[in-house]
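Chemist: test case, fold it:
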Amino acid sequence: MDDATEVAVRAGREGDLAALTEIYNEYVRATPITFDTEPFTVEARRPWLRAHPEHGPHRLFVAEDGGRILGYATSSAFRPKAAYSTSVEVTVYCAPDAGGRGIGTRLYEALFEALSAEDVHRAYAGVTQPNEASVRLHARFGFRPVGTYREVGRKFGRYYDVAWFEKDLGAGRG
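Modeler: As a prediction, the model looks like this:
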């Protein structure tokens, strides 16, 4: 039986913020997957949530099972300059005990389905190395490696590389 069958994927909302912040903070505190080094308060994370409305290219989807948030996926502005508006950076985070259940796959399916209706041409993902699970997830969704920033971030007393991946979304050709 698929462990993700009871999981509902939906647009994120304000009431999810505490759970989303806690999931992210686990990665801040315990892993180099994010280069944030200090955990966020819920209030400090609120602008991030509000930057992901229910419609448009910058989206937030959550996976929920029995009222518990198991993970989330976002598409965000790739860069702030106007000419980058048809590109997004995507990411997915799952609760530490929710890995291996297909949650990341379900979240990305919802995110990319929503993005197919938007004027978005490319999606980019930065993956701190090593992270084979994330590399496999992105490859499964058609991302191709485009380069690696060597020793670009320092956390927990060591330097980490970030591999960058690109996915053609096909829109915005005009």
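Chemist: OK, contacts around V90?
Modeler: With contacts taken as CB atoms under 8 Å, 6 or more residues apart in numbering, V90 has the following neighbours: 73-76, 108, 111, 123-125, 167. C-beta coordinates here come from the backbone N, C-alpha and C atoms, glycine included.
Chemist: Throw those into TSV and include secondary structure, distance to L49 and neighbour count, thanks.
Modeler: Below are the contacts of V90 laid out as TSV (DSSP: H, G, I helix; E, B strand; the rest coil; distance: CB to CB, whole Å; neighbours: other CB atoms under 10 Å):
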residue	secondary structure	distance to L49	neighbour count
A73	strand	14	27
T74	strand	10	23
S75	strand	14	26
S76	strand	11	15
Y108	helix	19	24
L111	helix	16	24
A123	strand	20	25
Y124	strand	21	19
A125	strand	20	22
K167	strand	24	19
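Chemist: mind listing the strands for the protein?
Modeler: For the chain, applying DSSP state E gives strands covering 8-11, 60-65, 68-77, 87-94, 122-128, 144-155, 158-168.
Chemist: of all those, which one comes closest to L20?
Modeler: strand 68-77 (5.6 Å; CB to CB).
Chemist: strand partners of the closest one, parallel vs antiparallel please.
Modeler: strand 60-65 (antiparallel), strand 87-94 (antiparallel) (DSSP bridges).
Chemist: now do it against strand 122-128, angle only.
Modeler: Angle between the axes of strand 68-77 and strand 122-128 is 120 degrees (criterion: axes from the mean of the first three to the mean of the last three CA atoms, to 10 degrees).
Chemist: contacts for strand 68-77 next, please.
Modeler: With CB under 8 Å, 6+ apart, strand 68-77 has contacts from 7, 12, 16, 19-20, 23, 51-52, 57-64, 84-85, 88-95, 98, 101, 103-104, 107-108, 110-111, 115, 120, 123.
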